[in-house]
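Engineer: following is a predicted model, sequence given first.
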Amino acid sequence: MTTTALRTCPLCEATCGLELTIEDGRVTKVRGDADDVFSKGFICPKGASLGELHDDPNRLRSPMRRRADGTFEAVSWEEAFAEIDERLRAVDAAHGRQAFAAYLGNPTAHSLGGLLYGRALLKALGTRNIYSASTVDQFPKQLASALMFGTGLSVAIPDLDRTRHLLILGADPMVSNGSLMTAPDVRGRLRAIRARGGKIVVVDPRRSRTAGEADEHHFIRPGSDALLLFALVHVLFDEDLADPGAHLAPHLAGLDEVRELAAPFTPEAVAPATGIAAPEIRRMARELAAAPTAAVYGRIGTTTQSFGTAASWLIDVLNILTGNLDRPGGAMFNRPAAGSGNTQGEPGRGRGTAIHRWGSRVSERGEVFGELPVACLTEEITTPGEGQVRALFTIAGNPVLSTPNGDRLAEALDELDLMVCIDIYLNETTRHAHVILPVPSTLERAHYDVALYPFAIRNIANWSPPVFDLPDGALDEWEILAKLAGIAGGAGPEADVAVIDDFIAGEAVRRAVRTKGSPVNERDPDEILAALEPRVGPARLVDLMLRTGPYGEGFGANPGGLSLATLEAAPHGVDLGALEPRIPEVLRTETGMIELAPEPLTAEVPRLVASMAAAGEADGGLLLIGRRQLRSNNSWMHNIPKLVSGPEGCTVLVHPDDAERLGLADGEPAIVSSARGEIHLTAQVTDDMMPGVVSVPHGWGHDLDGVELDVARAHAGANVNVLGDSGELEPLTGTAVLNAIPVELAPARQPAPA
Ligand SMILES: Nc1nc2c(c(=O)[nH]1)N[C@H]1C(S)=C(S)[C@@H](COP(=O)(O)OP(=O)(O)OC[C@H]3O[C@@H](n4cnc5c(=O)[nH]c(N)nc54)[C@H](O)[C@@H]3O)O[C@H]1N2
Ligand SMILES: Nc1nc2c(c(=O)[nH]1)N[C@H]1C(S)=C(S)[C@@H](COP(=O)(O)OP(=O)(O)OC[C@H]3O[C@@H](n4cnc5c(=O)[nH]c(N)nc54)[C@H](O)[C@@H]3O)O[C@H]1N2
Ligand code: SF4
Ligand SMILES: [Mo]
């Protein structure tokens with residue numbers, strides 16, 4: 001029998017709608033859903049491989065327990081939970097709860113269960129040792145946004161479909177398909193900007209695919225974006241081009257301070273450090289100011305670097321000074337259907353964002369959004385003393401490949417008294433687990449992009465029911481997490497998932513009725529809970545979020561409004577329209593103002609000034625940066641044959657002049673080394689690279705002992721994260737510095753050691 005199913009792709013931030021053809025219980029074809037309200041038929045090679053991912057023979061189907069000899073055996077869920085309970089109790093008794101830790105990886109943001117029930121586990125663990133991929137990713141952007149606008153989800157998104165000028169720094173959305181900018185079919189949307197007479201400018205140390213679509217590309221010295229951005233700000237003030245406009249002016253605090261802070265950053269002063277000539281910087285600023293509408297956008301190249309938060313801040317300073325924040329065609333705020341911190345509570349004012357409320361034990365790195373930097377995890381495991389981490393839960397994470405000095409983390413993981421991995425593979429990280437708990441295939445779970453729609457370029461809502469039933473005996477991801485929350489909370493391996501789920505839903509409802517401005521404020525929680533019946537699990541929580549959200553039916557308060565039932569009746573999604581101006585209502589700062597010069601950010605300025613001088617003394621050595629690849633998804637999709645076939649993925653890109661100087665030819669084996677380690681990989685010589693800069697992608701290095709990824713092992717590549725330094729962190733967020741790492745490159749005359 002042949003049927004079709006519709007499904008939002010969970011693999012990246014673009015949220016494409018897919019149409020799956022299913023024959024006799026197997027996915028035989030995947031194509032873009034032409035009727036999807038957002039993606040309109042767009043699909044990429046990863047989305048097209050969802051069937052292969054579902055069928056991957058290496059995907060784990062039962063809990064695995066590590067034997068004394070390091071190999072794994074399949075065990076029942078009862079045995080797995082019993083072992084976790086026993087070990088966790090022992091750690092708690094001997095060392096207390098601060099010896100617990102958790103790490104949440106990137107797919108958590110794409111998983112309903114991970115998002116909505118991971119929190120319950122974290123709470124039940126009761127520890128400050130909470131880590132996630134956010135500190136090797138986007139926290140700098142979220143912190144800058146939180147300090148300026150009030151919440152970490154108040155990220156201004158380029159209004160791609162209406163802008164006339166797009167300045168992109170450190171992002172390659174043609175390949176990544178967009179990040180903190182949910183926009184299926186970036187290529188189509190970029191081409192449309194130029195088709196309507198607009199301009200695209202890309203700033204990147206590499207001529208990326210996106211640069212290839214742009215009108216203009218500037219090489220920039222890695223790590224110097226904040227200097228360039230400050231110089232653009234400087235020119236706007238210097239040439240009287242700074243004009244936030246009447247819609248922003250009444251809501252701005254700190255404008256004069258920014259003008260003063262920008263004074264030293266003349267185009268001439270930053271030119272040597274950035275590698276961009278002063279007249280070019282002046283022209284960029286003038287064109288930005290003159291464009292009918294414009295948006296400045298930065299991503300991973302601007303966040304995972306030494307000045308990540310400062311650069312993220314200055315991007316929005318530019319959006320404000322050019323009058324483009326919060327206006328169509330500029331950088332705007334989404335209004336997510338499931339709600340967020342900037343749709344709840346009193347509009348226009350809030351509690352702001354406190355940071356560094358506590359610090360990590362060993363290096364005293366400050367907390368941000370309740371998390372500590374993942375780069376500190378190794379030292380927290382290996383350094384004796386009270387609060388030493390002894391039990392670690394990883395949820396959808398592969399920190400051995402994704403965090404700096406992952407090789408040292410791998411050694412440290414073997415010292416743990418308990419490691420539990422909630423994952424789909426036996427990979428570089430999970431091979432260290434005592435117990436691996438497999439989540440079902442994504443096609444066996446419901447989907448809604450709670451975490452990504454707040455960053456979408458339109459207001460969108462789309463619900464995907466599971467395509468397949470759960471296999472016999474399998475537990476959904478949310479059930480696994482709820483059970484673990486029960487165990488961590490002391491209820492034992494018999495903890496009743498249904499009871500925990502009722503408790504979680506009850507808490508969510510009680511929170512909603514306590515919230516001023518909520519359509520259910522002061523209503524009877526039992527009445528609301530009854531109205532959610534018979535739903536359970538994530539569906540119940542999403543229904544609650546939608547019904548109490550900004551378009552919600554409000555449990556009768558707003559008849560005709562949104563609920564999960566609305567989405568169930570609209571399998572191609574619901575388009576709630578283009579982004580609309582939200583200032584001042586969106587603001588949740590303490591003052592109710594847009595904070596242009598909040599203290600933690602301005603404190604970075606002296607360090608920036610110093611970096612200009614230091615650049616003059618640079619020794620001319622090579623700087624390492626990263627890149628993404630179309631057929632790859634961080635570390636975990638290299639086991640899909642059709643994604644790793646074709647040209648080798650894990651190569652070091654180097655400019656011809658550097659290659660010649662080093663005696664390195666295209667296609668030759670090479671060694672990249674840093675103060676921390678070295679890797680062997682193939683050189684790819686290309687003038688797409690800025691001279692003096694080399695590029696290596698992350699997420700490779702699958703040939704470690706015990707990894708059970710048959711396809712990925714044959715395309716192993718090397719782990720670039722052995723080269724970074726886990727002690728080199730962006731100071732405000734503790735985000736790892738993954739770009740602009742000093743390295744050496746040499747031909748590998750000998751074959752790589754086995
Ligand atoms: N040098 C360098 N390092 C980087 C980066 C870089 O640019 N350069 N980028 C950083 C960024 S932006 C990120 S986001 C991180 C990613 O870092 P991580 O999140 O640590 O790593 P991933 O490679 O995304 O691994 C995801 C894990 O989740 C598992 N998994 C997949 N789907 C599911 C699911 O549905 N449920 C569960 N429970 N598990 C699942 C996979 O098997 C894999 O083990 O890497 C960072 N590391
Ligand atoms: N196909 C695919 N898509 C993905 C992923 C994937 O692995 N594969 N990963 C997903 C994840 S987790 C994320 S976070 C997003 C990231 O999304 P993007 O940020 O768009 O990712 P990249 O393609 O790595 O683009 C970063 C660019 O920054 C440049 N760069 C490096 N250092 C600097 C610098 O100092 N300054 C400037 N100006 N540029 C610099 C790099 O050359 C690169 O072109 O992508 C997501 N989408
Ligand atoms: S672009 Fe992203 S969401 Fe769209 S099909 Fe590809 S992986 Fe899936
Ligand atoms: Mo990421």
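Structural biologist: Received, thanks. Ligands and ions are numbered 1, 2, ... in the order given.

Engineer: name the next helix or strand downstream of the helix or strand where Thr3 lies, please.
Structural biologist: When secondary structure is defined by DSSP states H and E, Thr3 falls within strand 2-8. Counting by DSSP H and E, the element after strand 2-8 in chain order, helix or strand, is strand 17-23.

Engineer: quick one: mean pLDDT for that next one?
Structural biologist: Along strand 17-23, the predicted local confidence has a mean pLDDT of 98.

Engineer: for the residue in the stretch 151-300 of the chain that ligand 1 sits nearest to, grab the count of nearby residues.
Structural biologist: Nearest to ligand 1 in the stretch 151-300 of the chain, going by C-beta to the nearest ligand atom, is Ile300, at a distance of 5.3 Å. The way it works is simple: take the backbone N, C-alpha and C, and place the C-beta from them, glycine included. Taking other C-beta atoms under 10 Å as the criterion, the count of residues near Ile300 is 24.

Engineer: for Glu507, same thing?
Structural biologist: 13.

Engineer: what separation do you get for it and Gly96?
Structural biologist: Summarising the geometry, the distance separating Glu507 from Gly96, computed by C-beta to C-beta, to the nearest Å, is 25 Å.

Engineer: same check on Ala124?
Structural biologist: Counting by C-beta to C-beta, the separation of Ala124 from Gly96 is 15 Å.

Engineer: need the nearest residue in space to Pro373, chain neighbours excluded.
Structural biologist: If the residues on either side of it in the chain are set aside, Pro373 comes closest to Gly734, at 3.0 Å by C-beta to C-beta, 6 or more residues apart in numbering.

Engineer: just checking, the one you found touches Leu372?
Structural biologist: Yes: because the distance of 6.9 Å satisfies C-beta atoms under 8 Å, Gly734 is recorded as touching Leu372.

Engineer: list residues touching both of the two?
Structural biologist: When contacts are counted by C-beta atoms under 8 Å, 6 or more residues apart in numbering, Gly734 and Leu372 are jointly contacted by 135, 360, 365.

Engineer: how about the first one, secondary structure?
Structural biologist: It refers to Thr135. Under the three-state scheme (DSSP: H, G, I helix; E, B strand; the rest coil), Thr135 adopts helix.

Engineer: surely it is in contact with Gly734?
Structural biologist: Yes: when contacts are counted by C-beta under 8 Å, Thr135 is listed as touching Gly734 (5.5 Å).

Engineer: joint contacts of the two?
Structural biologist: Once C-beta under 8 Å, 6+ apart is applied, the residues that Thr135 and Gly734 both contact turn out to be 368, 372-373, 375.

Engineer: secondary structure element for Lys141?
Structural biologist: Element membership for Lys141 (DSSP H and E) is helix 139-149.

Engineer: and that helix, what does it pack onto?
Structural biologist: Other elements packing on helix 139-149 under the criterion 3 or more C-beta pairs under 8 Å, 6 or more residues apart in numbering; DSSP states H and E are helix 300-303, helix 308-321, strand 594-595, helix 599-602.

Engineer: distance to ligand 2 for these - can I get that in TSV?
Structural biologist: What follows is these, written out as TSV (distance: least, C-beta to the nearest ligand atom, whole Å):
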stretch	distance to ligand 2
helix 300-303	2
helix 308-321	8
strand 594-595	25
helix 599-602	19
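
Engineer: of those, which approaches ligand 3 most closely?
Structural biologist: Among the helices and strands packed on helix 139-149, the nearest to ligand 3 by C-beta to the nearest ligand atom is helix 300-303 (15.6 Å).

Engineer: could you give the average pLDDT over that closest one?
Structural biologist: In the prediction, helix 300-303 has an average pLDDT of 98.

Engineer: by contact count, what packs against the lowest-mean-pLDDT helix or strand in the chain?
Structural biologist: When the helices and strands of the chain are scored by mean pLDDT, DSSP states H and E, helix 605-616 comes last with a mean of 89. Where contact means 3+ C-beta pairs under 8 Å, 6+ apart, helix 605-616 is packed against helix 225-238, helix 267-274.

Engineer: list the buried ones in it?
Structural biologist: Buried residues in helix 605-616, defined by neighbour count with 16 or more other C-beta atoms under 10 Å: 605, 608-609, 611-612, 615.

Engineer: can you narrow the residues you listed to ones near ligand 3?
Structural biologist: Of the entries in the buried residues of helix 605-616, none also sits close to ligand 3 under the rule C-beta under 6 Å from any ligand atom.

Engineer: which one of those residues is nearest ligand 1?
Structural biologist: For ligand 1, the nearest member of the buried residues of helix 605-616 is Ser611. The distance, counting by C-beta to the nearest ligand atom, is 21.0 Å.

Engineer: pLDDT below threshold where in this protein?
Structural biologist: Counting by pLDDT under 70, the chain contains low-confidence ranges at 616-619, 750-754.

Engineer: ligand 1 contacts on that one?
Structural biologist: Residues of the chain that fall close to ligand 1, judged by C-beta under 6 Å from any ligand atom: 105-107, 111, 114, 133, 136-137, 300, 304, 395-399, 402, 422-425, 427, 439, 442, 477, 626, 634-636, 698-699, 720-721, 738.

Engineer: residues making contact with the helix or strand harbouring Val30?
Structural biologist: For Val30, the enclosing helix or strand under DSSP H and E is strand 26-32. Counting contacts by C-beta under 8 Å, 6+ apart, the residues outside strand 26-32 that touch it are 16-22, 39-43, 47-51, 54-55, 443, 467.

Engineer: tell me, how many residues neighbour the one residue in the chain that gets nearest to ligand 3?
Structural biologist: Sorted by distance to ligand 3 under C-beta to the nearest ligand atom, the residues of the chain start with Gly47, at 2.3 Å. Neighbour count for Gly47, taken as other C-beta under 10 Å: 24.

Engineer: and for the one 5 residues further on?
Structural biologist: Neighbours of Glu52 under the rule other C-beta under 10 Å: 17.

Engineer: figure out the helix or strand that it lives in.
Structural biologist: In this assignment (DSSP H and E), Glu52 forms part of helix 50-55.

Engineer: could you dump that helix to CSV, C-alpha only?
Structural biologist: Once non-C-alpha atoms are left out, helix 50-55 reads as follows in CSV (Å, rounded to 0.1, in the frame of the first residue of the first chain):
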residue,chain,number,x,y,z
LEU,A,50,15.2,11.3,6.1
GLY,A,51,14.2,7.8,4.9
GLU,A,52,17.8,6.6,5.0
LEU,A,53,18.2,8.0,8.5
HIS,A,54,15.1,6.2,9.6
ASP,A,55,16.4,2.9,8.1
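
Engineer: next structured bit after the helix holding Lys141?
Structural biologist: Per DSSP H and E, helix 139-149 leads on to strand 157-158 as the next helix or strand towards the C-terminus.

Engineer: before we move on, the earlier item: switch the shared contacts of Thr135 and Gly734 over to TSV, and while doing so, append neighbour count and secondary structure to every line.
Structural biologist: Compiled in TSV, those are given as follows (neighbours: other C-beta atoms under 10 Å; DSSP: H, G, I helix; E, B strand; the rest coil):
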residue	neighbour count	secondary structure
Val368	26	strand
Leu372	25	coil
Pro373	27	coil
Ala375	29	helix
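
Engineer: nearest to ligand 1, of those?
Structural biologist: Minimum separation from ligand 1 among the shared contacts of Thr135 and Gly734 (C-beta to the nearest ligand atom) is found for Ala375, which lies at 10.5 Å.

Engineer: could you find the closest non-adjacent residue to Ala192?
Structural biologist: Closest residue in space to Ala192, ignoring its immediate chain neighbours: Asp161 at 7.1 Å, by C-beta to C-beta, 6+ apart.

Engineer: and the one you found, what is it in contact with?
Structural biologist: Taking C-beta under 8 Å, 6+ apart, we find Asp161 in contact with 189, 192, 457-458, 578.

Engineer: one step back: what angle sits between the strand holding Thr3 and strand 26-32?
Structural biologist: Orientation note: strand 2-8 sits at an angle of 50 degrees relative to strand 26-32 (axes from the mean of the first three to the mean of the last three C-alpha atoms, to 10 degrees).

Engineer: who does strand 2-8 pair up with?
Structural biologist: Within its sheet, and counting by DSSP bridges, strand 2-8 is paired with strand 17-23 (antiparallel).

Engineer: all good on my end, thank you.
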